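1. heads up, no residue letters with this:
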Ligand SMILES: [Zn+2]
(Lines give C-alpha, C1' and ligand atoms only; values in the text may rest on other atoms or scores of the structure.)
Protein backbone atom coordinates (compact mmCIF):
# COMPACT_ATOMS: atom_id res chain seq x y z
CA UNK A 1 0.00 0.00 0.00
CA UNK A 2 1.26 3.49 -0.81
CA UNK A 3 0.89 5.67 2.28
CA UNK A 4 1.76 9.00 0.67
CA UNK A 5 0.33 8.65 -2.82
CA UNK A 6 1.26 12.20 -3.83
CA UNK A 7 4.93 12.16 -2.91
CA UNK A 8 5.74 8.51 -3.60
CA UNK A 9 4.46 8.55 -7.17
CA UNK A 10 5.59 11.97 -8.43
CA UNK A 11 6.63 12.27 -12.08
CA UNK A 12 10.40 12.64 -12.26
CA UNK A 13 10.32 16.32 -13.33
CA UNK A 14 8.11 17.26 -10.38
CA UNK A 15 10.37 15.33 -7.97
CA UNK A 16 13.46 16.99 -9.45
CA UNK A 17 11.89 20.41 -8.96
CA UNK A 18 11.09 19.66 -5.29
CA UNK A 19 14.61 18.34 -4.71
CA UNK A 20 16.24 21.40 -6.28
CA UNK A 21 14.16 23.87 -4.27
CA UNK A 22 14.85 22.00 -1.04
CA UNK A 23 18.56 21.65 -1.85
CA UNK A 24 18.88 25.39 -2.44
CA UNK A 25 17.20 26.13 0.89
CA UNK A 26 19.41 23.57 2.63
CA UNK A 27 22.63 25.01 1.20
CA UNK A 28 21.65 28.50 2.34
CA UNK A 29 20.70 27.27 5.77
CA UNK A 30 23.83 25.23 6.54
CA UNK A 31 26.10 27.97 5.15
CA UNK A 32 24.49 30.47 7.50
CA UNK A 33 24.17 28.31 10.62
CA UNK A 34 26.85 25.58 10.71
CA UNK A 35 30.45 26.92 10.91
CA UNK A 36 31.76 23.56 9.62
CA UNK A 37 29.79 23.96 6.38
CA UNK A 38 30.68 27.64 5.91
CA UNK A 39 34.34 26.66 6.11
CA UNK A 40 33.91 23.63 3.83
CA UNK A 41 31.97 25.63 1.20
CA UNK A 42 34.55 28.45 1.29
CA UNK A 43 37.40 25.97 0.92
CA UNK A 44 35.77 24.61 -2.25
CA UNK A 45 35.03 28.14 -3.48
CA UNK A 46 31.30 27.44 -3.68
CA UNK A 47 28.41 29.59 -2.47
CA UNK A 48 24.80 28.51 -1.80
CA UNK A 49 23.64 30.59 -4.80
CA UNK A 50 25.83 28.47 -7.10
CA UNK A 51 23.23 25.68 -6.82
CA UNK A 52 21.22 26.33 -9.97
CA UNK A 53 20.51 22.73 -11.02
CA UNK A 54 20.50 19.35 -9.26
CA UNK A 55 23.86 18.47 -10.87
CA UNK A 56 25.39 21.37 -8.93
CA UNK A 57 25.15 19.17 -5.84
CA UNK A 58 28.45 17.73 -7.05
CA UNK A 59 30.12 21.10 -6.38
CA UNK A 60 29.38 20.78 -2.67
CA UNK A 61 31.81 19.19 -0.19
CA UNK A 62 31.38 15.71 1.28
CA UNK A 63 30.69 15.20 4.98
CA UNK A 64 32.69 12.40 6.60
CA UNK A 65 32.09 10.50 9.83
CA UNK A 66 35.29 12.14 11.11
CA UNK A 67 33.70 15.58 10.65
CA UNK A 68 30.89 14.53 12.99
CA UNK A 69 33.47 13.37 15.53
CA UNK A 70 35.42 16.60 15.23
CA UNK A 71 32.24 18.53 15.97
CA UNK A 72 31.16 16.34 18.89
CA UNK A 73 28.66 16.63 20.44
CA UNK A 74 26.44 19.41 19.07
CA UNK A 75 28.51 21.66 16.78
CA UNK A 76 26.94 20.25 13.58
CA UNK A 77 23.46 21.24 14.71
CA UNK A 78 21.84 23.88 12.51
CA UNK A 79 19.43 25.08 15.16
CA UNK A 80 19.78 26.35 18.75
CA UNK A 81 19.54 23.59 21.38
CA UNK A 82 16.25 25.03 22.65
CA UNK A 83 14.63 23.76 19.41
CA UNK A 84 16.06 20.24 19.80
CA UNK A 85 13.55 17.87 21.37
CA UNK A 86 15.37 14.53 20.94
CA UNK A 87 18.95 13.28 20.85
CA UNK A 88 20.10 9.90 19.57
CA UNK A 89 23.63 8.51 19.25
CA UNK A 90 25.54 5.65 17.70
CA UNK A 91 28.95 4.23 18.54
CA UNK A 92 32.09 5.60 16.90
CA UNK A 93 35.74 4.63 16.61
CA UNK A 94 37.11 6.73 19.42
CA UNK A 95 34.68 5.63 22.07
CA UNK A 96 32.76 8.86 21.63
CA UNK A 97 29.41 8.32 19.91
CA UNK A 98 28.07 10.10 16.84
CA UNK A 99 25.35 12.41 18.10
CA UNK A 100 22.23 13.38 16.15
CA UNK A 101 19.45 15.81 17.09
CA UNK A 102 15.83 16.28 16.07
CA UNK A 103 13.44 19.22 16.25
CA UNK A 104 9.74 18.71 16.81
CA UNK A 105 9.24 18.87 13.04
CA UNK A 106 12.10 16.39 12.45
CA UNK A 107 10.37 13.86 14.73
CA UNK A 108 7.17 14.47 12.81
CA UNK A 109 8.89 13.95 9.43
CA UNK A 110 10.64 10.84 10.69
CA UNK A 111 7.38 9.35 12.02
CA UNK A 112 5.71 10.07 8.68
CA UNK A 113 8.54 8.41 6.73
CA UNK A 114 8.41 5.40 9.06
CA UNK A 115 4.65 5.17 8.50
CA UNK A 116 5.40 5.15 4.75
CA UNK A 117 8.08 2.50 5.36
CA UNK A 118 5.75 0.21 7.27
CA UNK A 119 2.98 0.70 4.69
CA UNK A 120 5.37 -0.17 1.84
CA UNK A 121 6.18 -3.37 3.74
CA UNK A 122 2.51 -4.29 3.76
CA UNK A 123 1.55 -3.07 7.24
CA UNK A 124 -1.65 -1.13 7.98
CA UNK A 125 -3.97 0.22 10.64
CA UNK A 126 -5.22 -2.67 12.74
CA UNK A 127 -1.90 -4.50 12.68
CA UNK A 128 -0.17 -5.31 15.95
CA UNK A 129 3.55 -4.57 15.71
CA UNK A 130 5.94 -6.57 17.89
CA UNK A 131 8.84 -4.09 17.95
CA UNK A 132 12.01 -5.88 19.09
CA UNK A 133 14.44 -3.21 17.88
CA UNK A 134 16.37 -1.76 20.82
CA UNK A 135 14.86 1.27 22.55
CA UNK A 136 17.32 3.91 23.71
CA UNK A 137 20.07 5.94 22.07
CA UNK A 138 19.83 3.61 19.05
CA UNK A 139 17.33 5.00 16.52
CA UNK A 140 15.75 1.62 15.66
CA UNK A 141 13.29 1.16 18.53
CA UNK A 142 11.81 4.65 18.76
CA UNK A 143 11.88 5.13 14.98
CA UNK A 144 9.64 2.10 14.42
CA UNK A 145 7.55 2.92 17.45
CA UNK A 146 6.56 6.41 16.28
CA UNK A 147 6.05 5.23 12.70
CA UNK A 148 3.75 2.38 13.69
CA UNK A 149 1.68 4.69 15.88
CA UNK A 150 1.46 7.24 13.07
CA UNK A 151 0.23 4.51 10.76
CA UNK A 152 -2.47 3.65 13.26
CA UNK A 153 -1.12 0.23 14.17
CA UNK A 154 -0.83 -1.05 17.77
CA UNK A 155 2.77 -1.20 19.02
CA UNK A 156 4.21 -3.62 21.54
CA UNK A 157 7.41 -1.80 22.64
CA UNK A 158 9.17 -4.99 23.72
CA UNK A 159 12.72 -3.87 22.72
CA UNK A 160 15.56 -6.42 22.48
CA UNK A 161 16.48 -9.26 24.85
CA UNK A 162 14.55 -11.51 27.25
CA UNK A 163 13.72 -13.75 24.33
CA UNK A 164 11.60 -16.28 26.21
CA UNK A 165 9.28 -13.55 27.43
CA UNK A 166 9.04 -12.28 23.84
CA UNK A 167 7.78 -15.70 22.75
CA UNK A 168 5.16 -15.63 25.50
CA UNK A 169 3.92 -12.19 24.40
CA UNK A 170 3.81 -13.34 20.78
CA UNK A 171 1.62 -16.26 21.74
CA UNK A 172 -0.72 -14.22 23.93
CA UNK A 173 -0.94 -10.85 22.12
CA UNK A 174 -1.09 -12.21 18.56
CA UNK A 175 1.14 -9.63 16.83
CA UNK A 176 0.92 -9.58 13.03
CA UNK A 177 4.12 -7.64 12.24
CA UNK A 178 7.62 -8.36 13.55
CA UNK A 179 10.28 -5.64 13.54
CA UNK A 180 13.89 -6.48 14.53
CA UNK A 181 17.25 -7.37 13.02
CA UNK A 182 17.12 -10.36 10.65
CA UNK A 183 19.52 -12.37 12.84
CA UNK A 184 17.35 -11.79 15.90
CA UNK A 185 14.31 -12.97 13.93
CA UNK A 186 15.98 -16.33 13.32
CA UNK A 187 17.09 -16.49 16.95
CA UNK A 188 13.49 -15.89 18.05
CA UNK A 189 12.41 -18.84 15.91
CA UNK A 190 15.01 -21.09 17.55
CA UNK A 191 14.03 -20.10 21.07
CA UNK A 192 10.36 -20.57 20.16
CA UNK A 193 11.14 -24.10 18.98
CA UNK A 194 12.97 -24.80 22.27
CA UNK A 195 9.88 -23.60 24.12
CA UNK A 196 7.70 -25.94 22.08
CA UNK A 197 6.10 -23.07 20.11
CA UNK A 198 5.68 -23.45 16.36
CA UNK A 199 6.50 -19.99 15.01
CA UNK A 200 4.38 -20.60 11.96
CA UNK A 201 1.31 -21.05 14.15
CA UNK A 202 1.69 -17.44 15.39
CA UNK A 203 -0.26 -14.68 13.63
CA UNK A 204 2.71 -12.94 11.99
CA UNK A 205 2.17 -11.92 8.38
CA UNK A 206 5.25 -9.80 7.69
CA UNK A 207 8.63 -8.91 9.20
CA UNK A 208 10.43 -5.61 8.60
CA UNK A 209 14.12 -6.28 9.04
CA UNK A 210 17.24 -4.13 8.94
CA UNK A 211 20.10 -2.50 10.93
CA UNK A 212 22.56 -5.10 9.64
CA UNK A 213 23.44 -6.47 6.21
CA UNK A 214 21.72 -9.69 5.18
CA UNK A 215 21.33 -11.77 2.09
CA UNK A 216 18.63 -13.09 -0.20
CA UNK A 217 19.31 -16.58 1.20
CA UNK A 218 18.66 -15.35 4.69
CA UNK A 219 15.37 -13.89 3.48
CA UNK A 220 14.31 -17.27 2.13
CA UNK A 221 15.33 -18.93 5.40
CA UNK A 222 13.35 -16.43 7.51
CA UNK A 223 10.29 -16.68 5.26
CA UNK A 224 10.23 -20.48 5.39
CA UNK A 225 11.17 -20.89 9.08
CA UNK A 226 9.02 -18.10 10.49
CA UNK A 227 6.12 -18.33 8.05
CA UNK A 228 6.01 -14.63 7.16
CA UNK A 229 7.12 -12.32 4.39
CA UNK A 230 10.47 -10.65 5.08
CA UNK A 231 11.07 -7.08 3.91
CA UNK A 232 14.42 -5.23 3.92
CA UNK A 233 14.78 -1.65 5.17
CA UNK A 234 17.69 0.78 5.21
CA UNK A 235 18.61 3.74 7.31
CA UNK A 236 21.36 5.13 9.51
CA UNK A 237 21.18 7.42 12.49
CA UNK A 238 23.31 10.15 10.88
CA UNK A 239 20.86 10.48 7.99
CA UNK A 240 17.77 10.08 10.20
CA UNK A 241 17.51 6.50 11.47
CA UNK A 242 15.35 3.82 9.87
CA UNK A 243 12.97 5.18 7.23
CA UNK A 244 15.45 6.26 4.55
CA UNK A 245 14.62 3.38 2.19
CA UNK A 246 12.42 0.28 2.11
CA UNK A 247 11.50 -2.55 -0.21
CA UNK A 248 7.92 -2.62 -1.40
CA UNK A 249 6.20 -5.88 -0.56
CA UNK A 250 4.87 -6.11 -4.14
CA UNK A 251 8.33 -6.50 -5.72
CA UNK A 252 10.82 -7.08 -2.85
CA UNK A 253 13.49 -6.11 -5.32
CA UNK A 254 15.58 -3.15 -4.28
CA UNK A 255 14.74 -0.52 -1.66
CA UNK A 256 12.83 2.64 -2.63
CA UNK A 257 14.62 5.72 -1.30
CA UNK A 258 12.35 8.52 -0.08
CA UNK A 259 13.79 11.01 -2.53
CA UNK A 260 11.55 13.89 -1.54
CA UNK A 261 13.58 13.92 1.73
CA UNK A 262 16.98 12.48 0.73
CA UNK A 263 19.14 12.76 -2.37
CA UNK A 264 21.23 9.62 -2.89
CA UNK A 265 24.43 9.44 -4.92
CA UNK A 266 26.77 6.55 -5.66
CA UNK A 267 30.44 7.51 -5.74
CA UNK A 268 33.73 5.78 -6.38
CA UNK A 269 35.04 5.13 -2.84
CA UNK A 270 38.59 6.20 -3.70
CA UNK A 271 38.19 9.06 -6.17
CA UNK A 272 34.86 10.47 -4.94
CA UNK A 273 33.68 10.63 -8.56
CA UNK A 274 29.88 10.34 -8.98
CA UNK A 275 29.00 7.10 -10.79
CA UNK A 276 26.07 6.58 -13.17
CA UNK A 277 22.95 4.56 -12.29
CA UNK A 278 23.61 0.84 -12.28
CA UNK A 279 27.26 1.07 -11.22
CA UNK A 280 28.16 -0.17 -7.74
CA UNK A 281 29.94 2.14 -5.32
CA UNK A 282 29.60 3.99 -2.02
CA UNK A 283 26.23 5.44 -1.01
CA UNK A 284 26.14 9.15 -0.23
CA UNK A 285 23.12 10.99 1.18
CA UNK A 286 22.06 14.62 1.37
CA UNK A 287 19.16 15.30 3.73
CA UNK A 288 16.66 17.76 2.27
CA UNK A 289 14.23 18.47 5.09
CA UNK A 290 16.00 17.88 8.41
CA UNK A 291 16.13 20.97 10.64
CA UNK A 292 18.38 20.11 13.60
CA UNK A 293 21.01 17.95 11.94
CA UNK A 294 21.08 18.41 8.15
CA UNK A 295 23.86 16.71 6.21
CA UNK A 296 25.38 17.54 2.83
CA UNK A 297 26.72 14.57 0.85
CA UNK A 298 27.28 12.29 3.84
CA UNK A 299 29.54 9.36 2.97
CA UNK A 300 27.92 6.26 4.48
CA UNK A 301 30.76 3.83 3.54
CA UNK A 302 28.00 1.36 2.63
CA UNK A 303 28.39 -0.21 -0.81
CA UNK A 304 25.30 -0.43 -3.01
CA UNK A 305 23.93 0.48 -6.42
CA UNK A 306 21.08 2.76 -7.60
CA UNK A 307 18.57 2.05 -10.35
CA UNK A 308 15.61 3.89 -11.76
CA UNK A 309 13.66 1.26 -13.66
CA UNK A 310 9.91 1.57 -12.98
CA UNK A 311 8.57 -0.67 -10.22
CA UNK A 312 5.35 -2.64 -10.28
CA UNK A 313 4.21 -1.05 -7.01
CA UNK A 314 3.74 2.26 -8.83
CA UNK A 315 6.32 4.22 -6.82
CA UNK A 316 8.52 6.44 -8.97
CA UNK A 317 11.25 6.60 -6.31
CA UNK A 318 14.74 5.38 -7.19
CA UNK A 319 15.76 2.01 -5.74
CA UNK A 320 19.01 0.95 -4.07
CA UNK A 321 20.31 -2.60 -4.07
CA UNK A 322 21.00 -4.55 -0.88
CA UNK A 323 24.13 -3.39 0.96
CA UNK A 324 26.97 -5.63 -0.18
CA UNK A 325 29.73 -4.43 2.13
CA UNK A 326 31.62 -1.48 3.58
CA UNK A 327 34.22 0.74 1.98
CA UNK A 328 36.03 1.02 5.31
CA UNK A 329 36.81 -1.67 7.83
CA UNK A 330 33.82 -1.21 10.08
CA UNK A 331 32.14 -4.43 11.11
CA UNK A 332 28.51 -4.67 12.07
CA UNK A 333 28.12 -7.33 14.73
CA UNK A 334 24.56 -7.98 15.93
CA UNK A 335 23.60 -4.49 14.80
CA UNK A 336 26.47 -2.80 16.69
CA UNK A 337 29.14 -0.88 14.77
CA UNK A 338 32.54 -2.29 15.65
CA UNK A 339 35.80 -0.82 14.42
CA UNK A 340 38.94 -2.96 14.75
CA UNK A 341 40.69 0.18 16.00
CA UNK A 342 38.32 0.32 18.98
CA UNK A 343 39.23 -3.20 20.04
CA UNK A 344 42.86 -2.39 19.42
CA UNK A 345 42.67 0.56 21.79
CA UNK A 346 41.16 -1.65 24.52
CA UNK A 347 43.95 -4.20 24.07
CA UNK A 348 46.67 -1.59 23.88
CA UNK A 349 45.59 -0.12 27.20
CA UNK A 350 46.62 -3.39 28.91
CA UNK A 351 50.07 -4.54 29.96
CA UNK A 352 49.33 -8.28 29.91
CA UNK A 353 48.85 -8.61 26.13
CA UNK A 354 51.02 -7.83 23.10
CA UNK A 355 49.85 -5.64 20.16
CA UNK A 356 49.02 -8.59 17.91
CA UNK A 357 45.43 -9.61 17.52
CA UNK A 358 42.93 -11.10 15.10
CA UNK A 359 39.17 -10.59 15.02
CA UNK A 360 37.13 -13.52 13.78
CA UNK A 361 33.51 -12.75 12.97
CA UNK A 362 31.09 -15.52 12.13
CA UNK A 363 27.41 -16.22 12.07
CA UNK A 364 26.61 -19.35 14.04
CA UNK A 365 23.00 -20.47 14.30
CA UNK A 366 21.97 -17.09 12.85
CA UNK A 367 23.69 -15.04 15.54
CA UNK A 368 26.81 -13.01 14.83
CA UNK A 369 29.79 -14.07 16.92
CA UNK A 370 32.98 -12.14 17.54
CA UNK A 371 36.14 -13.87 18.68
CA UNK A 372 39.22 -11.89 19.60
CA UNK A 373 42.53 -13.75 19.48
CA UNK A 374 45.28 -11.81 21.19
CA UNK A 375 48.85 -12.64 22.05
CA UNK A 376 49.76 -12.70 25.68
CA UNK A 377 52.84 -10.69 26.61
CA UNK A 378 56.10 -12.61 27.13
CA UNK A 379 56.22 -11.53 30.77
CA UNK A 380 52.80 -12.90 31.63
CA UNK A 381 53.37 -16.03 29.52
CA UNK A 382 56.41 -16.99 31.60
CA UNK A 383 54.53 -16.30 34.83
CA UNK A 384 52.96 -19.74 35.28
CA UNK A 385 50.79 -18.80 38.24
CA UNK A 386 48.87 -16.16 36.35
CA UNK A 387 45.29 -17.18 35.76
CA UNK A 388 44.88 -16.85 31.98
CA UNK A 389 41.17 -17.47 31.99
CA UNK A 390 40.75 -14.62 34.39
CA UNK A 391 42.65 -12.35 31.98
CA UNK A 392 40.40 -13.46 29.12
CA UNK A 393 37.21 -12.68 31.05
CA UNK A 394 38.66 -9.35 32.10
CA UNK A 395 39.38 -8.31 28.49
CA UNK A 396 35.92 -9.47 27.42
CA UNK A 397 34.47 -7.18 30.05
CA UNK A 398 36.60 -4.23 28.90
CA UNK A 399 35.43 -4.72 25.30
CA UNK A 400 31.81 -5.06 26.37
CA UNK A 401 32.06 -1.88 28.45
CA UNK A 402 33.73 0.10 25.68
CA UNK A 403 31.88 -1.14 22.57
CA UNK A 404 28.65 -2.55 23.95
CA UNK A 405 29.19 -5.86 22.19
CA UNK A 406 29.99 -9.18 23.81
CA UNK A 407 32.79 -11.31 22.40
CA UNK A 408 34.96 -14.28 23.20
CA UNK A 409 38.60 -13.53 23.96
CA UNK A 410 41.18 -16.24 23.42
CA UNK A 411 44.75 -15.70 24.59
CA UNK A 412 47.37 -17.22 22.32
CA UNK A 413 51.12 -17.74 22.78
CA UNK A 414 53.56 -15.00 21.89
CA UNK A 415 54.29 -14.99 18.10
CA UNK A 416 51.25 -17.19 17.38
CA UNK A 417 49.53 -14.57 15.24
CA UNK A 418 50.84 -14.33 11.72
CA UNK A 419 52.98 -11.27 11.08
CA UNK A 420 52.51 -9.25 7.96
CA UNK A 421 54.95 -7.27 5.84
CA UNK A 422 52.31 -4.89 4.58
CA UNK A 423 48.88 -4.13 5.92
CA UNK A 424 48.16 -6.54 8.74
CA UNK A 425 45.13 -8.72 8.42
CA UNK A 426 43.18 -7.92 11.56
CA UNK A 427 39.79 -9.28 10.59
CA UNK A 428 38.46 -12.54 9.26
CA UNK A 429 34.77 -12.19 8.44
CA UNK A 430 33.36 -15.65 7.79
CA UNK A 431 29.80 -14.43 7.28
CA UNK A 432 28.88 -14.81 3.65
CA UNK A 433 27.02 -11.65 2.76
CA UNK A 434 27.90 -11.17 -0.88
ZN1 LIG B 1 8.22 -0.95 -5.64
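-> Arrived safely. All values derive from a computational prediction rather than experimental measurement.

2. which residues touch the longest helix anywhere in the chain?
-> Criterion DSSP state H: the longest helix present in the chain is helix 12-33. Residues outside helix 12-33 that contact it (C-beta atoms under 8 Å, 6 or more residues apart in numbering) are 10, 37-38, 41, 47-48, 51, 53-54, 57, 60, 78-79, 259-260, 263, 286-289, 294, 296, 316. Yep, even glycine has a C-beta here, placed from its N, CA and C like the rest.

3. and it, which residues are buried?
-> Buried positions in helix 12-33, judged by neighbour count with 16 or more other C-beta atoms under 10 Å: 15, 18, 19, 20, 22, 23, 24, 26, 27, 29, 30, 31.

4. over to stretch 145-156?
-> Counting neighbours by 16+ other C-beta under 10 Å, the buried set in stretch 145-156 is 145, 146, 147, 148, 150, 151, 153, 154, 155, 156.

5. do me a favour and average the pLDDT over that stretch.
-> Per-residue pLDDT over stretch 145-156 has a mean of 98.

6. stretch 41-51 now?
-> On average, stretch 41-51 scores 98.

7. kindly report the domain assignment for the protein.
-> Listed domain ranges for the chain are 1-327, 331-429 (source: automatic domain parsing).

8. hmm, the longest one touching the ion?
-> Yes. Part of domain 1-327 sits close enough to the ion to count as contact by C-beta under 5 Å from the ion, namely 248, 251, 311, 313, 315.

9. can you redo the residues you listed as TSV with secondary structure?
-> Formatted as TSV, the residues of domain 1-327 next to the ion follow (DSSP: H, G, I helix; E, B strand; the rest coil):
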residue	secondary structure
248	coil
251	coil
311	coil
313	coil
315	coil
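
10. nearest to residue 271, of the residues you listed?
-> Lowest distance from residue 271 to the residues of domain 1-327 next to the ion (C-beta to C-beta) belongs to residue 311, with 30.6 Å.

11. check contacts around the closest one.
-> By C-beta under 8 Å, 6+ apart, the residues touching residue 311 are 248, 250, 251, 253, 254, 256, 319.

12. how about 6 Å then?
-> residue 251 (C-beta atoms under 6 Å, 6 or more residues apart in numbering).

13. what pLDDT does it get?
-> Note on residue 311: pLDDT of 97.

14. who does the closest residue to residue 244 other than its chain neighbours bridge with?
-> Here the nearest residue to residue 244 in space, its sequence neighbours aside, is residue 235; by C-beta to C-beta, 6 or more residues apart in numbering that works out to 4.1 Å. For residue 235, the beta-bridge partners under DSSP bridges are residue 242.

15. before we move on, back to that, most packed of the domains of the chain?
-> domain 1-327 (a mean of 19; mean count of other C-beta atoms under 10 Å).

16. so where do the strands sit in the stretch 1-150 of the chain?
-> Applying DSSP state E, counting those that start in this stretch to the stretch 1-150 of the chain gives strands spanning 84-90, 98-103, 128-131.
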